[in-house]
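Peer 1: Whatever this is, show me its structure:
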Amino acid sequence: MTTIAVIPGDGIGPEVTAPALDVLDALGLDARTDVLGHVNADTYLRTGRALSETDLDRIRPCRATLLGAVGDPRLGDTAYVRSILTTLRLELDLYVNYRPVKLWHDRLSPLREPSRRAVDCVIVRENTEGLYSGVGGSTRTGTDHEIAMDVDLSTHQGVARVLDFAFSVARTSVCLVDKANAVRNGGQLWQRCWRAAQDRHPHVATSHLYVDAAAMRLATDPTAFDVIVTNNSYGDILSDLTAALAGGIGVAASANLNPTTGQGLFEPVHGSAPDIAGAGTANPLAAILSVALLAEHLGRADQAERVRGAVAAAVARGHVTPDLGGSLGTKEAGAAVLAELARA
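Peer 2: Numbers count the residues shown, from 1 in each chain. As a prediction, the model looks like this:
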């Protein structure tokens with residue numbers, strides 16, 4: 001039997017994880033869950049460490065981990081969040097961040113032109129290198145002469161493997177997004193790996209845009225894209241932009257994957273949202289759609305499509321939380337998806 005690790009986390013994380021687990025249970029995937037409810041900010045504040053080696057030993061054998069959200073306003077820096085997210089990504093070598101984006105209903109789009117609203121694309125983001133690698137430092141900190149440096153790290157192996165993954169999930173085309181004209185050394189490496197990847201996948205249409213041009217194109221006509229592949233920081237920004245074009249981060253799911261080992265971490269991208277934690281109004285759809293990605297990862301594409309169909313039906317009926325124009329609370333919105341699953 002497959003074991004799925006679950007980290008509800010902080011803020012609205014436990015609130016949205018609960019209905020997501022209800023959906024997971026309704027799918028009948030022949031899987032058991034191992035809930036690590038203690039991996040949160042309270043543990044970090046008490047012990048100085050949120051994710052122990054014992055916790056990692058429980059997670060490593062699992063093909064999938066479902067994460068709610070991490071982050072707490074009591075902690076003034078990013079060390080706590082990095083101690084969980086970065087640790088999991090590096091320890092499990094989850095080198096692909098996979099962010100599918102789809103407009104679930106026309107009324108959710110901010111675009112005026114109807115013909116350009118139907119976004120249905122994927123952002124493939126390199127997930128372990130780039131500016132988020134943690135390489136860098138500072139000197140003379142806190143003085144007028146302070147110098148700070150963060151290294152935009154790229155390796156041939158890291159770039160080549162994420163490009164190949166992008167081609168593997170393309171339906172029609174892949175667009176490389178970089179800033180090779182300004183970031184010359186890393187840009188040249190990405191361009192060399194890109195040309196080699198094009199040679200390995202000659203039957204897939206390709207294009208290239210600098211990141212500023214890609215942002216403008218996404219904001220005006222996101223229907224032009226199938227798969228966008230890019231580095232860690234550009235992918236972080238562009239994936240949030242595409243989420244906004246599809247209804248907001250309340251419906252934005254993500255997967256952190258290692259296609260070689262078959263391990264994956266699945267999470268909504270909205271964060272812990274401490275301003276609404278406990279209010280019962282958080283949107284559970286991103287967490288539920290993360291379960292769809294998880295089911296797909298486990299080889300149950302049929303069940304993943306059932307979940308997406310149920311989400312689409314609930315959105316069409318207006319059975320959603322206030323951020324999507326509805327009036328339901330978190331539990332009620334989750335129940336609406338369950339009802340659609342049962343109806344289907």
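Peer 1: mind listing the helices for the stretch 101-250 of the chain?
Peer 2: Secondary structure of the stretch 101-250 of the chain (DSSP state H, counting those that start in this stretch): helices at 156-169, 184-200, 211-220, 232-245.
Peer 1: Could you pull up the mean pLDDT of stretch 73-93?
Peer 2: Averaged over stretch 73-93, pLDDT sits at 92.
Peer 1: Can I get that stretch in PDB, CA atoms only?
Peer 2: The C-alpha atoms that make up stretch 73-93 are tabulated as PDB, following Å, rounded to 0.1, in the frame of the first residue of the first chain:
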ATOM      1  CA  PRO A  73       4.100  36.100  11.500                       C
ATOM      2  CA  ARG A  74       5.900  35.400  14.900                       C
ATOM      3  CA  LEU A  75       9.000  34.600  12.900                       C
ATOM      4  CA  GLY A  76      10.600  37.700  11.300                       C
ATOM      5  CA  ASP A  77      12.800  36.000   8.700                       C
ATOM      6  CA  THR A  78      12.500  33.200   6.200                       C
ATOM      7  CA  ALA A  79      14.700  30.700   8.000                       C
ATOM      8  CA  TYR A  80      11.800  28.700   9.200                       C
ATOM      9  CA  VAL A  81      10.100  28.400   5.900                       C
ATOM     10  CA  ARG A  82      13.400  27.600   4.200                       C
ATOM     11  CA  SER A  83      14.100  24.900   6.800                       C
ATOM     12  CA  ILE A  84      11.000  23.000   5.600                       C
ATOM     13  CA  LEU A  85      10.600  23.800   1.900                       C
ATOM     14  CA  THR A  86      14.200  24.000   0.900                       C
ATOM     15  CA  THR A  87      15.100  21.000   3.000                       C
ATOM     16  CA  LEU A  88      12.500  18.900   1.400                       C
ATOM     17  CA  ARG A  89      13.300  20.000  -2.100                       C
ATOM     18  CA  LEU A  90      17.000  19.400  -1.600                       C
ATOM     19  CA  GLU A  91      16.800  16.200   0.400                       C
ATOM     20  CA  LEU A  92      14.400  14.600  -2.100                       C
ATOM     21  CA  ASP A  93      16.100  16.300  -5.000                       C
END
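Peer 1: Look up how far A166 lies from the nearest residue to N127 once chain neighbours are set aside.
Peer 2: Nearest residue to N127, sequence neighbours excluded (Cβ to Cβ, 6 or more residues apart in numbering): N97, at 4.1 Å. The way it works is simple: take the backbone N, C-alpha and C, and place the C-beta from them, glycine included. For N97, the distance to A166 equals 11 Å [Cβ to Cβ, to the nearest Å].
Peer 1: Name the residues contacting each of these two.
Peer 2: Both N97 and A166 are contacted by V124, under the criterion Cβ atoms under 8 Å, 6 or more residues apart in numbering.
Peer 1: what about those two, which has more around it?
Peer 2: Taking other Cβ atoms under 10 Å, N97 and A166 do not tie; A166 has more neighbours (28 against 23).
Peer 1: tell me which element I7 is part of?
Peer 2: I7 is part of strand 2-9 when elements are defined by DSSP states H and E.
Peer 1: So in that sheet, which strands flank that strand, and in what orientation?
Peer 2: Applying DSSP bridges to the sheet, strand 2-9 is found paired with strand 31-35 (parallel), strand 64-69 (parallel).
Peer 1: Would you mark the buried spots in the shortest one?
Peer 2: Going back to what we said before, that points to strand 31-35. A31 (16 or more other Cβ atoms under 10 Å).
Peer 1: Enumerate the positions of the helix or strand just after that strand that are buried.
Peer 2: Sequence-wise, the next helix or strand downstream of strand 31-35 (DSSP H and E) is helix 41-47. Neighbour counts over helix 41-47 (16+ other Cβ under 10 Å) mark A41, T43, Y44 as buried.
Peer 1: again with stretch 118-133
Peer 2: 119, 121-133.
Peer 1: Could you do stretch 171-187 as well?
Peer 2: Buried-residue list, stretch 171-187, by 16+ other Cβ under 10 Å: S173, V174, C175, L176, V177, D178, K179, A180, G186, G187.
Peer 1: got these as JSON lines, with pLDDT columns?
Peer 2: Supplementary listing: these in JSON lines, determined by pLDDT from 0 to 100:
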{"residue": "S173", "pLDDT": "98"}
{"residue": "V174", "pLDDT": "98"}
{"residue": "C175", "pLDDT": "98"}
{"residue": "L176", "pLDDT": "98"}
{"residue": "V177", "pLDDT": "98"}
{"residue": "D178", "pLDDT": "97"}
{"residue": "K179", "pLDDT": "97"}
{"residue": "A180", "pLDDT": "95"}
{"residue": "G186", "pLDDT": "96"}
{"residue": "G187", "pLDDT": "96"}
